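Asker: need a 3D model of the following:
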Amino acid sequence: MSNKITVYTDGAASGNPGPGGYGVVLISGGHRKELSRGFRLTTNNRMELLAVIVALEALKFDNCEVTVYTDSRYVADAVEKGWLFQWEKIRFKKKKNPDLWLRFLKIYRKHRVNFVWIKGHDNNPENERCDRLAVAASQSGDLSVDEGYINEIQNQTDTDG
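Answerer: The predicted model follows:
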């Protein structure tokens, strides 16, 4: 089995914050897997990042060579431009989504991951599929609670009030 994996991801939120979801397509050789999940209250950036996390966590073996195609500059640039590693050094002080970034770093370091930014809604079939999965998940009747987002809102309220 090849340890080269191609991943497409997308996140969606209606209202931002609002109901949201992620969509993932994993491709390895002749194998394909699709993942999606919806949340009651979240943000687009959280869903974009969570899509990548879930994709990497779904891999059965460590040290895979993974190419992630995403239309999220937030995610791709944070990693490829090294911002994330600076945020980590300052313990994500005044940065959003530290819970997800820490979860990301844990799984990211188990693989060799390269990010490729692609323009969203530009007729890339796999990106379009991820978008449909993310939107459908966000509109489903089975929405989970994004505990990390709720905690972040409560912490902001506690420090602002």
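
Asker: and the gap between the residue nearest to the spatial centre of the chain and residue 113?
Answerer: The centroid of the chain falls nearest to residue 49 when counting by C-alpha atoms, centre = their mean (2.4 Å). Residue 49 sits 13 Å away from residue 113 when distances are taken as C-beta to C-beta, to the nearest Å. Placement of C-beta: from N, CA and C, glycine included.

Asker: ditto for residue 155
Answerer: Counting by C-beta to C-beta - residue 155 and residue 113 are separated by 29 Å.

Asker: all strands in this structure, in order from the N-terminus.
Answerer: Assigned by DSSP state E, the chain shows strands spanning 4-13, 18-28, 31-42, 65-70, 112-117, 143-144.

Asker: export the third one as CSV, just CAs?
Answerer: Presented in CSV, the C-alpha positions along strand 31-42 are these (Å, rounded to 0.1, in the frame of the first residue of the first chain):
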residue,chain,number,x,y,z
HIS,A,31,-8.9,4.0,-2.7
ARG,A,32,-11.1,7.0,-1.9
LYS,A,33,-12.8,8.0,1.3
GLU,A,34,-15.1,10.9,2.0
LEU,A,35,-15.7,12.4,5.5
SER,A,36,-18.0,15.2,6.7
ARG,A,37,-19.6,16.5,9.8
GLY,A,38,-21.7,19.5,10.8
PHE,A,39,-21.8,21.8,13.9
ARG,A,40,-24.4,24.0,15.4
LEU,A,41,-22.2,27.1,15.9
THR,A,42,-18.8,27.6,14.6
